[in-house]
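Trainee: Return a 3D structure for these sequence lines:
(chains A, B, C, D, E, F, G and H, ligands or ions: 10)
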Amino acid sequence: MYQGIIMSGFGGQGVVSGGILLAYAGMMDGRNVTFFPAYGAEMRGGTANCSVVVSTDPVASPVVGSPDTLLIMNEPSLARFENSLKSGGLLILNTTLVSSRPARKDIKVIEIAGSEIAERIGNVKAANMVMLGAYAKLTEAVRLGTLKESIKKVYARANDKMVELNKKAIDEGGLAA
Amino acid sequence: MYQGIIMSGFGGQGVVSGGILLAYAGMMDGRNVTFFPAYGAEMRGGTANCSVVVSTDPVASPVVGSPDTLLIMNEPSLARFENSLKSGGLLILNTTLVSSRPARKDIKVIEIAGSEIAERIGNVKAANMVMLGAYAKLTEAVRLGTLKESIKKVYARANDKMVELNKKAIDEGGLAA
Amino acid sequence: MSERILMKGNEALAEGAVRAGCRFFAGYPITPQNEIPEYMSWRLPETGGTFLQAESEVSAINMLFGAAAVGRRVMTSSSSPGISLKQEGISYCASAELPIFYANIVRGGPGLGNIAPSQGDYFQSTRGGGHGDYRVFVMAPKSVDEMANFPRICYDIAFKYRIPAMVLADGILGQMMEPVTFDFDPVEADSLSIPDWALRGSKPEERRVVKSFDLRPGKMEEWNYRLEKKYDEIKAEEVRYEAINTDGADLILTGYGTSARICETAMAQGRKEGLKIGYIRPITLWPFPTRIFRDLAGKIGKFLVVEMSLGQYVEDVQLSINGRSEIYLHKRPAGGIPTGEEVLEVAKKVLSGDKSKFYV
Amino acid sequence: MSERILMKGNEALAEGAVRAGCRFFAGYPITPQNEIPEYMSWRLPETGGTFLQAESEVSAINMLFGAAAVGRRVMTSSSSPGISLKQEGISYCASAELPIFYANIVRGGPGLGNIAPSQGDYFQSTRGGGHGDYRVFVMAPKSVDEMANFPRICYDIAFKYRIPAMVLADGILGQMMEPVTFDFDPVEADSLSIPDWALRGSKPEERRVVKSFDLRPGKMEEWNYRLEKKYDEIKAEEVRYEAINTDGADLILTGYGTSARICETAMAQGRKEGLKIGYIRPITLWPFPTRIFRDLAGKIGKFLVVEMSLGQYVEDVQLSINGRSEIYLHKRPAGGIPTGEEVLEVAKKVLSGDKSKFYV
Amino acid sequence: MPKIDVDVTRCKGCELCIPACPHDVIGLSKTFSANGYYPATMVKSEACTGCKLCAFVCPDVAITVYK
Amino acid sequence: MPKIDVDVTRCKGCELCIPACPHDVIGLSKTFSANGYYPATMVKSEACTGCKLCAFVCPDVAITVYK
Amino acid sequence: MKIVFEQTKGLTDIPMRYCPGCGHGVVHRLVAECYEELGVQENTIGVAPVGCSVFADEYLNIDMIQGAHGRGPAIATGIKRNLPDKLAFSYQGDGDLASIGAAETLHAAARSENITIIFINNAIYGMTGGQMAPTTLLGMRSTTSPAGRTVAANGYPIRVCELLAALDGPVYLERTTVDKPAGVVKTRKAIKRAFQYQLEGRGFTLVEILSQCPTDWGMTPLQSLERVRNEMTPYFPLGIYKEPEDDKKARPKKDAVKKES
Amino acid sequence: MKIVFEQTKGLTDIPMRYCPGCGHGVVHRLVAECYEELGVQENTIGVAPVGCSVFADEYLNIDMIQGAHGRGPAIATGIKRNLPDKLAFSYQGDGDLASIGAAETLHAAARSENITIIFINNAIYGMTGGQMAPTTLLGMRSTTSPAGRTVAANGYPIRVCELLAALDGPVYLERTTVDKPAGVVKTRKAIKRAFQYQLEGRGFTLVEILSQCPTDWGMTPLQSLERVRNEMTPYFPLGIYKEPEDDKKARPKKDAVKKES
Ligand SMILES: Cc1ncc(C[n+]2csc(CCOP(=O)(O)OP(=O)(O)O)c2C)c(N)n1
Ligand SMILES: Cc1ncc(C[n+]2csc(CCOP(=O)(O)OP(=O)(O)O)c2C)c(N)n1
Ligand code: SF4
Ligand code: SF4
Ligand code: SF4
Ligand code: SF4
Ligand code: SF4
Ligand code: SF4
Ligand SMILES: [Mg+2]
Ligand SMILES: [Mg+2]
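Mentor: Numbering: from 1, shown residues only, chains lettered A, B, ... in the order given. Ligands and ions are numbered 1, 2, ... in the order given. Sure, this is the predicted structure:
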């Protein structure tokens, strides 16, 4: 099993922390994992993205050039990454904030109203968790349970309420997928 | 013909300018020549020395480790360089300022009252020329005439009186040798 | 101690240094290594150590010169242009035999370049970008785990031989997160003995002097021979490398750091496909694992060098093989990161007799 | 023009640069090259040019960065530690493709070292002490006459290819006096055309930008390939060397700069004694005259490398010979100057089968 | 009537122009731009005097003023 | 009687002590030292008050003062 | 209806890639307006620093050069000494100018090099993500002074205008802000004056602009203006720190330096 | 009869290799007397510069370190931060301190690093043979200003005490000479005071000593003293430029800075 994932959205949408959570959960599930952020000048201008690899074999490079999965949280990200997705790859789209649809026909597209769901259950900032829940459900690269268990470890400063909300968001994402 | 020469004395005794004159004259005589000064921290403390090579073959290194000839203008210089002189080499000693005598027996020693002669003919600073005159006479590495002719070229800023005095000093050196 | 932690390479390196006894860090910000000084800025005070943001890289390396002279375990880090600025100071440390530890998280050069991962500073690291004959102990981690554990080795070597030691890593290794296990017990800095050459304030009879020169005739030559002897000893004793599947291989892939990971993947995939591919990875870039290459040279026909630079690492491979096998080179400078598939493809071409990547 | 003048190496170099069109010099004092700035401080104003004593070597190289960008023939010089400090700036010039000319009058390193002649900065000069993949055109004069005449060649190459060019010489070549003949007509700086990349103040539509980086993904990789192409061209076109008595030789002596003179003397004496000794001397250290060595490798059994450093130059010889002849090394670091007799003695030992100087 | 024109391809919704306007002419748009920002817009256009103060402080030279 | 002692192995004949002495005690010796300098010496030793001013300015710490 | 304010031709059309509310944008515009207005756009060469404004060459519609971090004054010196008739300026951040480039700044000022420095003091290392700058205020948090800057660990912030005023070389030194329209107008005037002095061949000029970095300060743009006003200006008083004697006499009193007590 | 003046134990017995009449010798002695007198000789670490006094480690009878040109303040910082209880000083020439090391000096001062700098201002690069220094006077000849220093070519000499006084960091700054016994006494007092402040943990201290370089000035030692008096002190006024507030009040008026008009 090898999964190269790119997660992309606005700064503030929790793209980086979401990526770390995914990597952490992968590690807990006994996978080889890497997390690689976009950094430096790439960051300017309000968009953020990161790459995560979850694999049963050792990971060569954490740089994901042609992802197996894209988690797209806003409009500009779709334009930027659509073409890099592998043929047959999975695209999970936060339809709350993305109105366009991919032009490619050789990929699998899952539409999730991520931000809407998150807002509904209490905080729009948990949209990243909704997306991850959907991802876990769809690919089984990480277990949904592990994702939820990992929240406390990765966000050491999160209070119980936050943790619960995030868990819920993951579950909702799983359901929506 | 190969002559490696070290000239040494106090700062102010014209050791460097004497060495340059010698090299220049050698060049004028069609020899391969090099001049190499002591420089940098070596200079501190009031002594000065330089190396000159005059040769019919191309000169490998201007650094004279074992000189064929030593022109010694003051006391400390004798102590410093005596042992480096080649066996059978020539040591020209400014006896006005050097009271010791070399311990070695395998070298040829010529005693010249350089500073005294220079003072007598008008300026103690011409002692370097006296030594060079003696050197030219003794070794024929450069011609006495070329040395004299070179003065104007090397000391572009010297006035006629100075030039004449220096020429005279060279002649006197030649006579004394 | 054997807990697995998900850490960022830069932070793993910083934490590794602290656990190895580092108590003084001076540095100047530069991407992609900012997490190192940032981490140190809160972590060192926790341990009673000192973090200083220096006014420049030049100042930082000279703060280390002073701090190392009093016997501390010290560290600085930077990225390519900043490391260039430190070259004079590194040469001074080498000459004065001060054990310092530093890291270059390489970016794409030359000039301001970019902040993408690169291996363009291989020459500078292994040949000395500074002046004069000197060497630096250079380790090239390939994972965040090694980022965490190499500082300790560097300190051990630096103090044993009194030389500068460095970690050379590209931006990937600095920025990525991976699971880490610290494989050593934290060093209690206060329990380290003060070296007998360290400045501490002394009685006149016992006074100590640290300097990088001797102006007396011939003395600097002797000084260099003394250093050389030490370097020869390190060459004999401290080489580290990894060699896999070399027996009976038709082709050896070789690279260091991130390139090594990529070679490893290409090898694994190639072997699955039945190709006899082996792999050598230097862990120390200086001293270079010349012997393992030399031993295989002549026996194995082809070596494919992979580097994220334009033909630097390959020179050491060539110097080791010395004409006895064919060398091929796949190079990507300044942010070009080869993939495993890409390398495997090249490997297949080389195996099939394609000479387009022939180096010598 | 063909007058023979007795000149000091440093002054010959400065005068040579001025005659080759240099009109801007920025530098910082350091022995053994002080005569260069000192000479420039009165000579350049005579020509309408500018001499600036910079506050540091770092500042000097950056003043050149600006001055070269407006299309001037510019120069700086220093000695080892000062050149180390310039490495960042040189890497910037290489990346921004600015033609600068500089000289390193090497002293004994590492650290403060001494001011005696040395060749310890070979790696730094030929491999780039700075960061990233870049090259500098490096000329190694062996006489004051060449000190006088090489600056012109350096400027020609620097402007033709838009790269930094340097003269690498030891303290002997800087400090000695020897007869000099300038073998070219003085260049009228004002008659030089202004390059089309030079900053001069422009209309917006024609504006020019000089920079050393491109942050867009993949662009810095392309940038490097562009530079590499240029370097390949220089490697093909601009190699210079001297080879004497190589036909049928039993042993080739090789060294550069002052070491070359010494080899030459040893060869002359050896041949007088009936020994079949030849001699190769690279005039350009980068690009290195690989081909002449490669052509002779295998045909001539033994090469004796002489260098005033601890095994730097020899690597290029080995890379060129690539295992097809035996290489021996005679090395003297940091102020140790071999004599002709010393080298001849080693040569005789090597010829007699003594392996004590065997390198590879 | 004086007015301002906000270039939505340049405006980053930083709001600096809002307190700079002495007549509370400016507010943020409710919909975001292609760049993902909520750009400035005239919310009380009748009050604009064309005084240019908003344009002075705009870091993105997004405002053109007409009078 | 106060006096000074000049260490001829250290003295470089720089003369700085000469004007420093308020009583013109010091002059240069007529013969030069092994280092080639004409060292300072007491030329009016009876005038010395042991005030140490000469020693204060001597760059080579060549003077010892007795009183 | 006619246009009374539009983008100067001194700028290119490329939208600036700075963060929302960043002070660099305004200052870029002012610099461009000044050289345009002085009629020297085609005779101006600018030096871009390493810092967020490393991209200045994309926006300023003139010949530009981008060099090593901190060395702007040296680069501008190299340009100006060879093209004395051109307007040469170096645009620099606080890390660039006062930390790594402190020696270059000081010496260009001491030499009274006939160049202008546009100095953006935002009390932080913007580009590299918010590390402490030499001008970071006491108590202010940054990624390398996470508990706030202290004298014991990091010393005092440097006041560049005051420091350079202690030299004989500088001809004109002024500190301004761009936190409100009046500050913007003053900054524009200061930049123009500096350029004019340079064109008159008078020597070294520098305008220090207190500026906001909302991103690395972790604030909204509007909050960041508050910090400039309430925290920065008390420590970095606005005003003229050096000017030609003749102009000083001519100028009304109220412009005089307001120093902290 | 007993010895009333002899060489301090703070110095080694090695005769100093400076030129006849050079100012370094006296200052070495004073530094050594001060740490000896303060009873901290065994707790002192000195940093020797690159410059003629690169040999200071042979003469000062304490733990010494010699580092790269201009970086003394950084090296002393590295030492002091790790051994805060020791006396750490950096001994530097004008080229070393004010030219190549300008940034290190400035920042150590701004950080109020608890170290002392002994600064020998001889207006020339001594060791390298007489090139222009940042403190070379206008009109003064050097091997790189052969026709005399001019403002147009080389700018103004830097007054280090005045410059550093513009920072908040320094605790004590004084400029003295060693051209006559009274100056020597004052210099000694200044050095001792600086050391004392450091031992009290007060922060950055610097004593600038105007000194003669007969060799590179091309003068006899006595002529060189005249230059210090007649040419240097008018441009570099002697006096205290910074001191702790409490001490300032306690001190009689006449010691106050005499600034040039
Ligand atoms: C030699 C070197 N050191 C460090 C850096 C990294 N660096 C880039 S910009 C910067 C500081 C930016 O801060 P500032 O100058 O204040 O500009 P700002 O981004 O705040 O406008 C640093 C340290 C570099 N590029 N080169
Ligand atoms: C990096 C570097 N640059 C230059 C030098 C050469 N250098 C040695 S001492 C010196 C200046 C000496 O002048 P100063 O600091 O005034 O000390 P002084 O000799 O006058 O006491 C210089 C430029 C060096 N050793 N290292
Ligand atoms: S021009 Fe003046 S009134 Fe109109 S919006 Fe702008 S600031 Fe307000
Ligand atoms: S100041 Fe400019 S960028 Fe900011 S909101 Fe107003 S128009 Fe938009
Ligand atoms: S001790 Fe005083 S009186 Fe005696 S020689 Fe010295 S200065 Fe003169
Ligand atoms: S001051 Fe000292 S060195 Fe100079 S002459 Fe007097 S005793 Fe000798
Ligand atoms: S990081 Fe700060 S200085 Fe840089 S562009 Fe963003 S707001 Fe401006
Ligand atoms: S050159 Fe000058 S500073 Fe150096 S020792 Fe001689 S007199 Fe002193
Ligand atoms: Mg800033
Ligand atoms: Mg000096």
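Trainee: pLDDT wise, what is the residue most central in space within chain E at?
Mentor: Taking CA atoms, centre = their mean, the centroid of chain E lies closest to E:A40, which sits 4.5 Å from it. Note for E:A40: predicted pLDDT of 97.
Trainee: Against chain B, how distant is it?
Mentor: In this view, E:A40 and chain B are 67 Å apart by CB to the nearest CB, to the nearest Å. From N, CA and C alone the C-beta is placed, and that goes for glycine too.
Trainee: any idea where the helices of the chain begin and end?
Mentor: Went with chain A since none was named. For chain A, the helices defined by DSSP state H cover A:15-28, A:75-81, A:114-121, A:127-139, A:144-154, A:160-176.
Trainee: think we crossed wires, I meant chain E
Mentor: Using DSSP H, helices in chain E cover E:17-20, E:53-57.
Trainee: After the one helix or strand C:D295 maps to, which helix or strand is next? Please name it.
Mentor: Using DSSP states H and E, C:D295 sits within helix C:290-296. As assigned by DSSP H and E, the chain's next helix or strand after helix C:290-296 is strand C:302-307.
Trainee: got the buried residues for that next one?
Mentor: The neighbour-count check on strand C:302-307 (16 or more other CB atoms under 10 Å in any protein chain shown) flags C:K302, C:F303, C:L304, C:V305, C:V306, C:E307 as buried.
Trainee: Which elements pack onto that strand?
Mentor: strand C:251-254, helix C:257-272, helix C:313-321, strand C:326-331, helix C:340-351 (3 or more CB pairs under 8 Å, 6 or more residues apart in numbering or on different chains; DSSP states H and E).
Trainee: how about JSON lines for these, with mean pLDDT and distance to ligand 6 added?
Mentor: Output for those, formatted as JSON lines (pLDDT from 0 to 100; distance: least, CB to the nearest ligand atom, whole Å):
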{"stretch": "strand C:251-254", "mean pLDDT": "98", "distance to ligand 6": "66"}
{"stretch": "helix C:257-272", "mean pLDDT": "96", "distance to ligand 6": "61"}
{"stretch": "helix C:313-321", "mean pLDDT": "98", "distance to ligand 6": "57"}
{"stretch": "strand C:326-331", "mean pLDDT": "98", "distance to ligand 6": "65"}
{"stretch": "helix C:340-351", "mean pLDDT": "96", "distance to ligand 6": "73"}
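Trainee: Deepest-packed of the ones you listed, please.
Mentor: strand C:251-254 (a mean of 29; mean count of other CB atoms under 10 Å in any protein chain shown).
Trainee: returning to what we had before: between the helices of chain A, which one is closest to G:A110.
Mentor: Ranking the helices of chain A by distance to G:A110, with CB to CB as the measure, places helix A:15-28 first at 45.9 Å.
Trainee: name the helices or strands packed onto that closest one?
Mentor: Helix A:15-28 sits against strand A:2-10, strand A:32-37, strand A:47-55, helix A:127-139, helix A:144-154, strand C:5-8, strand C:177-180, with contacts defined as 3+ CB pairs under 8 Å, 6+ apart.
Trainee: Does the next helix or strand after the last one reach chain D?
Mentor: What that stands for is strand C:177-180. As assigned by DSSP H and E, the chain's next helix or strand after strand C:177-180 is strand C:209-210. No - judged by CB under 8 Å from any CB of the partner chain, strand C:209-210 stays clear of chain D, getting no closer than 10.5 Å.
Trainee: Work out the sheet partners of strand C:209-210 and label each with its direction, please.
Mentor: Using DSSP bridges, strand C:209-210 pairs in its sheet with strand H:63-66 (parallel).
Trainee: So what touches the strand it pairs with?
Mentor: By CB atoms under 8 Å, 6 or more residues apart in numbering or on different chains, the residues outside strand H:63-66 that reach it are C:65-66, C:69, C:199-202, C:207-213, D:112, H:44-50, H:54, H:56-57, H:75, H:79.
Trainee: Tell me how far it lies from the chain's centre.
Mentor: 17 Å (CA atoms, centre = their mean, to the nearest Å).
Trainee: what pLDDT does the nearest residue to G:Q198 once chain neighbours are set aside get?
Mentor: Excluding the flanking residues, the one nearest G:Q198 by CB to CB, 6 or more residues apart in numbering or on different chains is G:T116, at 5.1 Å. pLDDT recorded at G:T116 is 98.
Trainee: same check, this time on G:K248
Mentor: pLDDT recorded at G:K248 is 80.
Trainee: List the contacts of E:C48.
Mentor: E:C48 is in contact with E:M1, E:P2, E:K3, E:I4, E:H23, E:V25, E:M42, counting by CB under 8 Å, 6+ apart.
Trainee: Same check on C:Y39?
Mentor: By CB under 8 Å, 6+ apart, the contact list for C:Y39 reads C:N10, C:E11, C:A14, C:E15.
Trainee: try G:H107
Mentor: D:A54, D:E55, D:S59, G:P73, H:S99, H:A102, H:P134, H:G155.
Trainee: Contacts only, for G:A194.
Mentor: Contacts for G:A194 (CB under 8 Å, 6+ apart) come out as G:T116, G:Y172, G:E174, G:T205, G:L206, G:V207.
Trainee: Am I right that the third one is in a strand?
Mentor: Yes - membership of G:E174 in a strand is supported by DSSP: H, G, I helix; E, B strand; the rest coil.
Trainee: partner residues bridging it?
Mentor: Here G:E174, judged by DSSP bridges, has bridge partners G:V207, G:I240.
Trainee: Give me the neighbour count for it.
Mentor: By other CB atoms under 10 Å in any protein chain shown, 25 other residues sit near G:E174.
Trainee: Would you confirm that it contacts G:I240?
Mentor: Yes - between G:E174 and G:I240 a contact is recorded at 4.7 Å, counting by CB atoms under 8 Å.
Trainee: now the strands for the stretch 1-150 of chain G?
Mentor: Along the stretch 1-150 of chain G, the stretches classed as strands by DSSP state E, counting those that start in this stretch are G:3-5, G:44-48, G:63-66, G:87-93, G:116-121, G:124-125, G:131-132.
Trainee: Which one, of those, ends up nearest to ligand 6?
Mentor: strand G:116-121 (47.8 Å; CB to the nearest ligand atom).
Trainee: Direction included, what does the closest one pair against?
Mentor: The pairing partners recorded for strand G:116-121 under DSSP bridges are strand G:87-93 (parallel), strand G:205-210 (parallel).
Trainee: then it to CSV, C-alphas only?
Mentor: The C-alpha coordinates for strand G:116-121 follow below in CSV (Å, rounded to 0.1, in the frame of the first residue of the first chain):
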residue,chain,number,x,y,z
THR,G,116,19.5,56.8,-0.7
ILE,G,117,18.3,54.0,1.6
ILE,G,118,14.7,53.3,2.0
PHE,G,119,14.5,51.4,5.2
ILE,G,120,11.4,49.5,6.2
ASN,G,121,11.4,48.9,9.9
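Trainee: Report how many residues lie close to the one residue in the stretch 251-360 of chain C that gets nearest to ligand 6.
Mentor: With CB to the nearest ligand atom, the shortest gap between the stretch 251-360 of chain C and ligand 6 falls at C:W286, namely 50.4 Å. Close neighbours of C:W286, defined as other CB under 10 Å, add up to 24.
Trainee: A:P58 now?
Mentor: Neighbours of A:P58 under the rule other CB under 10 Å: 12.
Trainee: Surely it touches C:E264?
Mentor: Yes - the pair A:P58 and C:E264 passes the contact test of CB under 8 Å, sitting 6.8 Å apart.
Trainee: Sketch out the low-pLDDT regions of chain E for me.
Mentor: Applying pLDDT under 70 to chain E picks out no residues at all.
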